[in-house]
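> Any chance you could fold what I've pasted below:
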Amino acid sequence: MRSLSLVWRKLVTVIAVCAFVLPVITANAAEKTVRWKLAMTWGTNLPPFTDAPKQMAEMVEKMSGGKFLIRIDSSNKHKSPFGVLDMVKLGQYDMAHSASYYWKGKDIALLSLTTMPFGMTTNEQYSWFYYGGGMELMQKAYEKHKVLSFPGGNTGAQMGGWFAKEINTLDDLKGLKMRIPGFAGEVMAKLGLTVTNIAVGELYMSLERGTIDALEWVGPGMDIAMGFHKIAPYYYTGWHEPATELQFLVNKRKFDKLSDKNKEILTVAMKLSAYDMYIQNYHMSSEAWAKIKTDYPNIKVRTFPAEIMKAMREANEELLAEKTAKSPMLKEILDSQKAYMQKARSWTQISDFAYLKDNL
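Model (predicted):
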């Protein structure tokens, strides 16, 4: 009788466990695997740019239990580094990883969502995005393109570029051919340079062959590995991209079809991988800068003279007045950024700046 009672208790336990577990197993089995494709503006291996989407995809797969998979295609595969916005808009790709200021020829308002000359620092800009109305304005700007945009990783303050000769006066700039994207390219063109945008994989070759005389890329962590210093050893400090934010583009129709769980998984993964890219890039540049004097003695670090900086600021203000008069969306974004920066900059000055000034 006792053994029979024991068997009965075990049977009841098994039934109870099955009643709890089987619906979960059935639900997971019934959940259809979502398979997306992401197009990068970048080539196959360009850390930390390429690391951000790879890390994002890995997190999505793990958090979804393998039910949400994202395949990443580099520009080597899709062959259109500056065409990823259209590819996502048309549904050829579900997502992309790029930079918003590459679309200035298509929609001038979008460039302000990457960074602006003399604009916010990374901390200020992230605060604006997530707590100062920036995300809402970004979605408003991208609404007509039928895509959603999310921060995709920040480079922090970028360096001002590599030049074959030292720049001492405004005349030294005139006639130079330079690769420099975004609004900074507009500013440099106003100062007499011929400005172009070139895909990453063609930068060194363009500099080597004399197709361009100067270029800006990111910072020492990414630049030195590209070898630009071998041809153009004058390395200038930045003014034009104080907080360059890359972006994840997402086809809005495809996003809306995701389950609430997968929407949350994707959003969290994008946000975490974006911030991690900023940390990784900061580390890379710190490591490279620590070795720059000993390992690369030919690199000559310079800051643009006051005369040139003044001319850049004046050209920037003139261009902003012209562009905002033609684009209400650009004006709305820039007005929001300016107002937020004025508020946040007071804290930046009394916190980070005051600390550094007194401890260097």
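> can you give me the helices in the stretch 151-300 of the chain?
170-173, 182-190, 203-209, 220-226, 252-257, 260-295 (DSSP state H, counting those that start in this stretch).
> Which strands and helices lie in contact with the third one?
What it means is helix 203-209. If you count contacts as 3 or more Cβ pairs under 8 Å, 6 or more residues apart in numbering; DSSP states H and E, helix 203-209 packs onto strand 214-215. Every C-beta, even on glycine, is put in place using the N, C-alpha and C of the backbone.
> who's in contact with the strand it packs on?
161-164, 176-180, 198, 203, 206-207, 228, 232 (Cβ atoms under 8 Å, 6 or more residues apart in numbering).
> Which SSE is immediately downstream of the helix or strand of the chain with the lowest mean pLDDT?
The least trusted helix or strand in the chain, going by mean pLDDT, DSSP states H and E, turns out to be helix 2-30, with a mean of 46. Using DSSP states H and E, the helix or strand that directly follows helix 2-30 along the chain is strand 34-40.
> Can you tell me the strand partners of that next one and which way each runs?
strand 68-73 (parallel), strand 95-99 (parallel) (DSSP bridges).
> Give me the contacts around the one helix or strand W128 maps to.
Per DSSP H and E: W128 is located in helix 122-131. Under the contact criterion Cβ under 8 Å, 6+ apart, helix 122-131 has outside partners 115, 119-120, 134-135, 138, 151, 154, 156-157, 242-243, 245, 275, 278, 336-337, 340-341, 344-345, 348, 352.
> How far does the helix or strand following that helix sit from its chain's centre?
Going down the chain from helix 122-131, the next helix or strand is helix 134-142, by DSSP H and E. From the chain centre to the centre of helix 134-142 is a distance of 16 Å (Cα atoms, centre = their mean, to the nearest Å).
> With stretch 186-195 instead?
Distance of stretch 186-195 from its chain centroid, counting by Cα atoms, centre = their mean, is 24 Å.
> With only the CA atoms kept, save that stretch in CSV.
Below are the C-alpha coordinates for stretch 186-195, written out as CSV (Å, rounded to 0.1, in the frame of the first residue of the first chain):
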residue,chain,number,x,y,z
GLU,A,186,29.6,72.6,-46.4
VAL,A,187,31.7,74.8,-44.1
MET,A,188,35.0,73.8,-45.7
ALA,A,189,33.6,74.3,-49.2
LYS,A,190,32.6,77.9,-48.2
LEU,A,191,36.3,78.4,-47.2
GLY,A,192,37.5,77.4,-50.7
LEU,A,193,38.1,73.7,-50.5
THR,A,194,36.8,71.1,-52.9
VAL,A,195,34.9,68.7,-50.7
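> Buried residues in that stretch, which are they?
E186, V187, M188, A189, K190, L191, L193, V195 (16 or more other Cβ atoms under 10 Å).
> tell me the pLDDT at the first one?
The predicted local confidence for E186 comes out at a pLDDT of 95.
> Could you do the last one as well?
Predicted confidence (pLDDT) for V195: 95.
> Equivalent analysis for the fifth one, please.
Per-residue confidence (pLDDT) for K190: 96.
> That one contacts A315, correct?
Yes: using Cβ atoms under 8 Å as the test, K190 is close enough to A315 to be in contact (4.2 Å).
> quick one: V250 and I308, what's the gap?
Separation of V250 from I308 (Cβ to Cβ, to the nearest Å): 40 Å.
> still on that earlier bit, which parts of the helix holding W128 count as buried, going by neighbours?
Across helix 122-131, burial judged by 16+ other Cβ under 10 Å covers T122, N123, E124, Q125, Y126, S127, W128, F129.
> Let's have the helices of the stretch 151-300 of the chain in a markdown table, adding distance to A96.
Converted to a markdown table, the helices of the stretch 151-300 of the chain look like this (distance: least, Cβ to Cβ, whole Å):
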| stretch | distance to A96 |
| --- | --- |
| helix 170-173 | 34 |
| helix 182-190 | 18 |
| helix 203-209 | 20 |
| helix 220-226 | 20 |
| helix 252-257 | 12 |
| helix 260-295 | 12 |
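> Relative to E61, which of these is closest?
helix 260-295 (9.2 Å; Cβ to Cβ).
> got the contact list for the helix or strand that comes right after that closest one?
Using DSSP H and E, the helix or strand that follows helix 260-295 in sequence is strand 300-302. Residues outside strand 300-302 that contact it (Cβ under 8 Å, 6+ apart): E166, I167, P233, Y234, Y235, Y236, T237, I292.
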